[in-house]
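J.: Give me a 3D structure for the following:
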Amino acid sequence: MNCVIPGGNLKIFGKSLHALCRFGDALHIEPSESKLSIRTVNMTKTAYAVVDFTPAFFQFYEVQDVEEEQTDCLKCKLPMKAMLNAFKNTSNLEKNVLTCKMKYSVDSESLTLKFRFKHEIIKTHIIYLLDGETLEELNLADKYSNMIATPSSIFQHALQNFQTTDNEISFDVFKNKITLRNYMQNDMCIKMLRSQITIHSTDFSKCDIGAETDIRFSLKLFRAAIGFAETFHLNVSVNFDTSGKPLIVSTKNDQTFEAAFVLSTLRLDDETQSTVSDKNTSKQIKIRTSSSRESVKRKIPTPTNNNETQIDTEENMLEITNMLLNDEDFPEVIENDAKRRKSVENGVKESDPEIVHTVFKRCFEMTLCPTELSQDVLAEDSDEES
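T.: Below is the predicted model:
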């Protein structure tokens, strides 16, 4: 294969590599007479990405003639990091590089990249091929029951409402709207910020929903696919079916290239997030009513000023103290509590350390065993000053 990429298209090729690196660590190149395909897949084979470049994308494009049985010899596998190092600064490449020549043959063990800069400066990268199985092309022509066509900016603005720490996103698909929300496990709902945004069907260019469904997939990969299309202000088409079947994000420039990103979807749990908050509330109610003190069930009035807030706080502390202490074991404490309650109700703030002193004193007396005390003198008295 021998092709030359003009300087004006180096940004597109570089951005394609940066988008594919989010999906996999190896780059598969497959040249043919009609197109040049670059593909990648993740290690678990749950995400797949491909970008096809037509001959019009290149300044010069030539593929070595081989027999049909030897077409696999044209395919090559490269380390993704090595390709990213060659195209790591796409904006400078577009401004300073005139052409980029990419060449490798059937018998070669490396791919050669030659960047011709202004003032006749040539920079050469030699990337050695990786051994391994070739990546077969997926058939993406299957029909799906749901299809959404829209400018990439619609999804791009919607994804800005989600945190970078969110791993997964859920689509709740209805006939007239689609709700996007970050997916969280039950034990993470309290610790993380829950985001949700609804996009009506009228906001899309085309929204054909054949079956209402709920699907969940990787937010990181979906953000990479939408970001690639948004870079060139292209429209995107999202095709999906029910949960458990792949979701495909596709975009294309009619004359030069087209891209497709395939994401696996997972089936949502039977217990939805809408019931999580109710369950947490019921658990809190159970904790409050599990005390042996059934008498502490009265409603505390809502405070209207700082003085009432202070009084309610004092009353709550007294009630908790009564729940923890036994009337028969601590009569002096309960008596002091009654006096303190009376002073609180009168609006008088009074400091009473006697209750704390009594509690710790009785705890000490109950755990103290005089027979186990050692009579050894650990530190003698210091000598008197002369």
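
J.: Averaging pLDDT per element, find the lowest-scoring helix or strand in the chain.
T.: helix 276-289 (a mean of 35; mean pLDDT, DSSP states H and E).

J.: Whichever strand or helix holds Phe217 packs against which elements?
T.: Assessed by DSSP states H and E, Phe217 sits inside strand 213-218. The contact analysis (3 or more CB pairs under 8 Å, 6 or more residues apart in numbering; DSSP states H and E) places strand 213-218 against strand 168-173. Backbone N, C-alpha and C define where each C-beta goes, glycine included.

J.: residues making contact with the strand it packs on?
T.: Here strand 168-173 makes contact (CB atoms under 8 Å, 6 or more residues apart in numbering) with 146, 162, 178-183, 209, 212-219, 222, 240, 266, 268.

J.: check contacts around the closest residue to Thr256 other than its chain neighbours.
T.: Distance criterion CB to CB, 6 or more residues apart in numbering; nearest residue to Thr256, sequence neighbours excluded, is Phe57 at 4.3 Å. Applying CB under 8 Å, 6+ apart, we find Phe57 in contact with Ile5, Asn9, Ile12, Leu36, Thr256, Phe257.

J.: picking up where we left off before, return the next helix or strand after the strand holding Phe217 as CSV; C-alpha atoms alone will do.
T.: Reading on from strand 213-218 to the C-terminus, the next helix or strand found by DSSP H and E is helix 219-231. Written as CSV, here are the backbone C-alpha positions of helix 219-231 (Å, rounded to 0.1, in the frame of the first residue of the first chain):
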residue,chain,number,x,y,z
LEU,A,219,-20.5,6.9,28.7
LYS,A,220,-16.8,7.3,28.0
LEU,A,221,-17.0,5.6,24.6
PHE,A,222,-20.2,7.3,23.7
ARG,A,223,-18.6,10.7,24.5
ALA,A,224,-15.7,9.8,22.3
ALA,A,225,-17.9,9.0,19.4
ILE,A,226,-20.0,12.2,19.7
GLY,A,227,-16.9,14.3,20.3
PHE,A,228,-15.4,13.0,17.0
ALA,A,229,-18.4,14.0,15.0
GLU,A,230,-18.7,17.3,16.8
THR,A,231,-15.1,18.2,15.9
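
J.: Quick one: list the elements packing against helix 219-231.
T.: Packing partners of helix 219-231 (3+ CB pairs under 8 Å, 6+ apart): helix 10-20, helix 152-159, strand 168-173, strand 235-240, strand 247-253, strand 257-263.

J.: Between these, which one is closest to Ile122.
T.: Of all the helices and strands packed on helix 219-231, helix 10-20 sits nearest to Ile122, with 15.0 Å by CB to CB.

J.: What mean pLDDT does the closest one get?
T.: Taken as a whole, helix 10-20 has a mean pLDDT of 94.

J.: what sits up against the following helix or strand past that helix?
T.: Per DSSP H and E, the first helix or strand lying C-terminal to helix 10-20 is strand 26-31. Applying CB under 8 Å, 6+ apart, the external contacts of strand 26-31 come out as 1, 3, 17, 20, 36-40, 63, 74-80, 83, 111, 130, 132, 134-135, 137.

J.: from these, which would you call buried?
T.: Using 16 or more other CB atoms under 10 Å as the burial test, these include 1, 3, 17, 20, 36-40, 74-78, 80, 83, 111, 135 as buried.

J.: Buried subset of the contacts of strand 168-173 as a PyMOL selection?
T.: Paste this into PyMOL to select the buried members of the contacts of strand 168-173, with burial taken from 16+ other CB under 10 Å:
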select buried, resi 146+162+178+180+181+182+183+209+213+214+215+216+217+218+219+222+240+268
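
J.: tell me the pLDDT at Met323?
T.: On pLDDT, Met323 comes in at 52.

J.: In stretch 223-236, which residues are buried?
T.: Arg223, Ala224, Ala225, Ile226, Gly227, Phe228, Ala229, Glu230, Thr231, Leu234, Asn235, Val236.

J.: Just to check, the third one is in contact with Val238?
T.: Read that as Ala225. No. At 9.2 Å, Ala225 does not count as touching Val238 under the criterion of CB atoms under 8 Å.
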